[in-house]
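Chemist: Just the structure for this:
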Amino acid sequence: MNRRRIAALAAALTVAPLLAAAPHQSAEADEPGGGRLSHPTGSHRTLGVDLDTVTIPELQARMKRGSLTSSALTEAYLRRIRDVDPKIHAVLRVSPTARLQAAASDARHRRGTVRGPLDGIPVLLKDNVNTRDMPTTAGSLALAGKPPATDAALVTRLREAGAVVLGKANMSEWANFRAEKPTSGWSAVGGQTHNPYVLDRNPCGSSSGSAAALAASLAQVAIGTETDGSIVCPAGMNGVVGHKPSLGLVSRSGVVPISAEQDTAGPMARNVTDTALTLAVLAPDSGIAADTGLMADGGLLTDVRSAANGGPGQADPLARPGGPRGERIGGLRGKRIGLWRLPSLGAGVDALMTRTATRLRDAGAKVVEVTPPYQERLAELEFPALLSEFHRDIDAYLATREDGPGDLAGLIEFNRAHPDEQTCFAGQELFEAALAAPSTDDPGYRAMRAELSDLARRSIDETMAAHDLDALASPANPAAWTTDCARGDNDVIPSSTPAAVAGYPSLSVPAGSVGELPVGLLLMAGDRQDAALLSLGAAVEHRLDAWRAPRYLPSVPDGAAR
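Modeler: Just a heads-up that it's a prediction; the model follows:
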């Protein structure tokens with residue numbers, strides 16, 4: 001998760017000396033029959049597609065025609081990992097069965113038994129999502145031994161949908177919930193992940209490897225997780241799309257936790273259409289039809305793709321049948337959006353929000369400026385509540401693992417005994433505070449969580465009702481800060497908190513850049529409004545047209561990021 005204001009904890013926490021970062025481990029795996037995974041050479045454009053911009057529907061259309069196979073697509077992404085990942089260190093390992101999974105998908109395509117739009121599509125998983133055939137470490141050496149006995153429930157859904165589980169992405173160790181001053185993108189297992197746009201800048205949040213890998217076109221989609229900001233901030237800072245679903249839509253079984261009251265996994269991609277297709281597989285109750293054959297019945301995916309192609313009045317093969325030729329849905333005209341500007345994120349970000357509001361208004365949206373209430377109180381309550389919940393939930397998770405420490409107290413002792421866990425930052429102040437935190441059975445804790453959840457929901461519900469809004473919008477992130485283990489993150493980013501604490505959906509789409517550094521527009525809506533939010537996000541994505549491929553610059557002057 002992203003680090004937020006922790007004034008309520010400051011008196012209890014002591015910052016330990018910070019040390020230098022650990023080297024990154026190479027992304028490699030063994031073939032099922034033994035030997036290191038080989039990677040073919042050549043341009044990723046030899047497939048006849050541009051991996052930077054191609055969408056899942058376009059890939060599936062090519063597979064249906066026989067001009068592309070999942071095996072060729074998987075090889076192209078493995079080649080990208082070999083050629084590009086050494087610059088950014090986003091991929092921890094590739095699956096030893098990736099090629100076999102792709103070959104099985106090719107056989108289904110030949111037989112005409114395709115399981116849906118994700119069949120044959122390579123997907124990266126954040127390394128806190130259990131996989132039976134690869135280690136799941138949460139970035140910690142404490143869990144770097146034997147893989148979990150079973151897949152996470154969401155991985156089972158991906159496999160049943162025919163997706164190629166390509167490998168594991170690096171993450172911020174323990175989802176940034178170990179030390180008071182962590183460095184996002186660093187783990188003892190994987191070292192430091194870099195922002196592909198400017199390599200000495202930070203990728204933000206704990207789903208940092210998932211977002212950076214997508215920005216570098218190392219997979220078609222990725223899975224991230226969020227407690228507060230760790231899908232939407234990395235998505236914004238790496239110029240991709242990230243959706244934090246409504247709490248409970250995606251199973252959290254088999255995912256290393258922080259808090260059952262806020263944790264969710266969610267899809268990340270380079271466009272909203274692919275994000276929506278992936279959510280449909282992860283969450284069958286999301287209101288999105290994953291089967292493309294259902295589009296003619298008016299499923300939400302039709303709305304998303306309609307909006308992505310420009311909204312009403314634009315001719316498109318997916319226009320609703322029965323209406324006038326070319327009739328479209330899902331555009332911005334008549335939509336009411338509340339803009340929460342957050343000028344504290346910098347003058348460059350604020351100027352980008354002004355330009356974004358103008359472009360949305362030009363497309364027919366009504367944009368009004370708002371300030372959701374109760375934010376200071378949310379900041380006071382959130383971390384004390386999460387400390388109690390983390391102690392409960394991490395102990396329950398560790399009890400499911402056959403190796404490694406059995407509880408939080410054991411984790412603390414492991415970190416003290418292993419110097420490699422201290423090579424970027426030495427502290428584990430949040431672990432220690434969680435160990436001492438009140439139980440979740442404590443009446444004081446229960447009152448705190450009840451107030452916290454109530455105020456978060458009211459902050460969104462009351463603002464949307466007062467202004468008759470379809471969604472709230474805010475900057476998802478500041479311009480990326482320079483990665484620095486000695487300082488830690490520089491990320492007081494309030495925008496993710498209301499939806500994260502309320503359990504409501506949020507969606508980050510590229511809004512533009514401050515200099516070379518991407519900034520996302522964060523959209524929020526009410527509970528279980530994921531489908532409508534994705535449709536609106538597709539229209540915003542089309543209007544802003546802000547995605548740009550990274551240039552892997554080694555550095556930029558500080559003034560260029562303001």
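
Chemist: what about the closest residue to Ala175 other than its chain neighbours, which SS state?
Modeler: Counting by Cβ to Cβ, 6 or more residues apart in numbering, Ala175 lies nearest to Ser206, which is 3.9 Å off, once chain neighbours are set aside. No exception for glycine: its C-beta is placed from N, CA and C like everyone else's. In terms of secondary structure, Ser206 is coil; the call rests on DSSP: H, G, I helix; E, B strand; the rest coil.

Chemist: burial measure for Ser206, as a count.
Modeler: 35 (other Cβ atoms under 10 Å).

Chemist: again with Arg110
Modeler: 12.

Chemist: elements contacting the strand or helix carrying Thr275?
Modeler: Taking DSSP states H and E as the definition, Thr275 sits inside helix 272-282. Under the contact criterion of 3 or more Cβ pairs under 8 Å, 6 or more residues apart in numbering; DSSP states H and E, helix 272-282 touches helix 56-65, helix 153-160, strand 221-226, strand 241-244, strand 264-269, helix 300-308, strand 506-514, helix 530-544.

Chemist: Including mean pLDDT, distance to Ala479 and mean neighbour count, could those go into TSV?
Modeler: Formatted as TSV, the helices and strands packed on helix 272-282 follow (pLDDT from 0 to 100; distance: least, Cβ to Cβ, whole Å; neighbours: other Cβ atoms under 10 Å):
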stretch	mean pLDDT	distance to Ala479	mean neighbour count
helix 56-65	97	30	17
helix 153-160	98	32	19
strand 221-226	98	21	30
strand 241-244	98	17	33
strand 264-269	98	20	28
helix 300-308	54	27	26
strand 506-514	98	4	27
helix 530-544	98	17	26
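
Chemist: if we can go back for a sec, does the residue nearest to Ala175 touch Arg178 like I think?
Modeler: No. If you go by Cβ atoms under 8 Å, Ser206 and Arg178 don't touch, sitting 10.6 Å apart.

Chemist: Overlap of the contact sets of the two?
Modeler: Overlap between the contact sets of Ser206 and Arg178, as judged by Cβ atoms under 8 Å, 6 or more residues apart in numbering, is nil.

Chemist: Now do the phi/psi pair for Leu521.
Modeler: With angles defined as degrees, to the nearest 10, Leu521 sits at phi -100, psi 120.

Chemist: That one is in contact with Ser495, isn't it?
Modeler: No. If you go by Cβ under 8 Å, Leu521 and Ser495 don't touch, sitting 9.8 Å apart.

Chemist: Can you pull the residues that touch both of those two?
Modeler: Ser474, Pro475, Ala476.

Chemist: Distance check, Gly66 against Ala72.
Modeler: 11 Å (Cβ to Cβ, to the nearest Å).

Chemist: More neighbours: which of the two?
Modeler: When Gly66 and Ala72 are compared for neighbours, Ala72 comes out ahead with 19 against 9, by other Cβ under 10 Å.

Chemist: tell me which element the more buried one is part of?
Modeler: Of the helices and strands defined by DSSP H and E, Ala72 is found in helix 70-88.

Chemist: Going by neighbour count, list what's buried in that helix.
Modeler: Using 16 or more other Cβ atoms under 10 Å as the burial criterion, the residues of helix 70-88 that qualify are 70-85, 88.

Chemist: Throw the helices and strands packed on helix 272-282 into JSON lines and include distance to Ala499, thanks.
Modeler: Shown next, in JSON lines, are the helices and strands packed on helix 272-282 (distance: least, Cβ to Cβ, whole Å):
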{"stretch": "helix 56-65", "distance to Ala499": "26"}
{"stretch": "helix 153-160", "distance to Ala499": "20"}
{"stretch": "strand 221-226", "distance to Ala499": "9"}
{"stretch": "strand 241-244", "distance to Ala499": "7"}
{"stretch": "strand 264-269", "distance to Ala499": "11"}
{"stretch": "helix 300-308", "distance to Ala499": "19"}
{"stretch": "strand 506-514", "distance to Ala499": "4"}
{"stretch": "helix 530-544", "distance to Ala499": "10"}
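
Chemist: Of those, give the one that comes closest to Leu408.
Modeler: With Cβ to Cβ as the measure, strand 221-226 is the member of these nearest Leu408 (18.9 Å).

Chemist: The helix or strand hosting Leu124 to strand 221-226, inter-axis angle?
Modeler: If you go by DSSP H and E, Leu124 is part of strand 122-126. Calculated by axes from the mean of the first three to the mean of the last three Cα atoms, to 10 degrees, strand 122-126 forms an angle of 20 degrees with strand 221-226.

Chemist: who does strand 122-126 touch, helix- and strand-wise?
Modeler: In this structure, strand 122-126 makes packing contacts with helix 70-88, strand 164-169, helix 208-215, strand 221-226, judged by 3+ Cβ pairs under 8 Å, 6+ apart.

Chemist: Quick one: residues in contact with it.
Modeler: 73-74, 77, 91, 98, 102, 131, 155, 158, 163-169, 171, 206-207, 209-210, 213-214, 218-225, 265, 278.

Chemist: And the lowest mean pLDDT element among the helices and strands of this structure?
Modeler: Here the helix or strand of the chain ranked lowest by mean pLDDT, DSSP states H and E is helix 300-308, holding a mean of 54.

Chemist: Can you list the helices and strands that the next helix or strand after that one packs against?
Modeler: Toward the C-terminus, helix 300-308 is succeeded by strand 336-339 as the next helix or strand (DSSP H and E). In terms of contact count using 3+ Cβ pairs under 8 Å, 6+ apart, strand 336-339 is assigned the packing partners helix 347-362, strand 366-369, helix 443-467, strand 471-475.

Chemist: Show me the strands paired with strand 336-339, marking each as parallel or antiparallel.
Modeler: When sheet partners are counted by DSSP bridges, strand 336-339 sits next to strand 366-369 (parallel), strand 471-475 (parallel).

Chemist: tell me the average confidence for it?
Modeler: In this model, strand 336-339 has a mean pLDDT of 98.

Chemist: Run through who's touching it.
Modeler: Taking Cβ under 8 Å, 6+ apart as the rule, strand 336-339 contacts 353, 357, 360, 365-370, 463-464, 467-474, 523.

Chemist: And the buried ones among the residues you listed, selectable in ChimeraX?
Modeler: Of these, the buried ones can be selected in ChimeraX as follows, counting by 16+ other Cβ under 10 Å:
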select :353,357,360,365,366,367,370,463,464,467,469,470,471,472,473,474,523
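
Chemist: can you give me the offset of stretch 179-188 from its chain's centre?
Modeler: Mean C-alpha position of stretch 179-188 versus that of the full chain (Cα atoms, centre = their mean, to the nearest Å) differs by 17 Å.

Chemist: tell me which residues in that stretch are buried?
Modeler: Across stretch 179-188, burial judged by 16+ other Cβ under 10 Å covers Ala179, Glu180, Lys181, Pro182, Thr183, Ser184, Gly185, Trp186, Ser187, Ala188.
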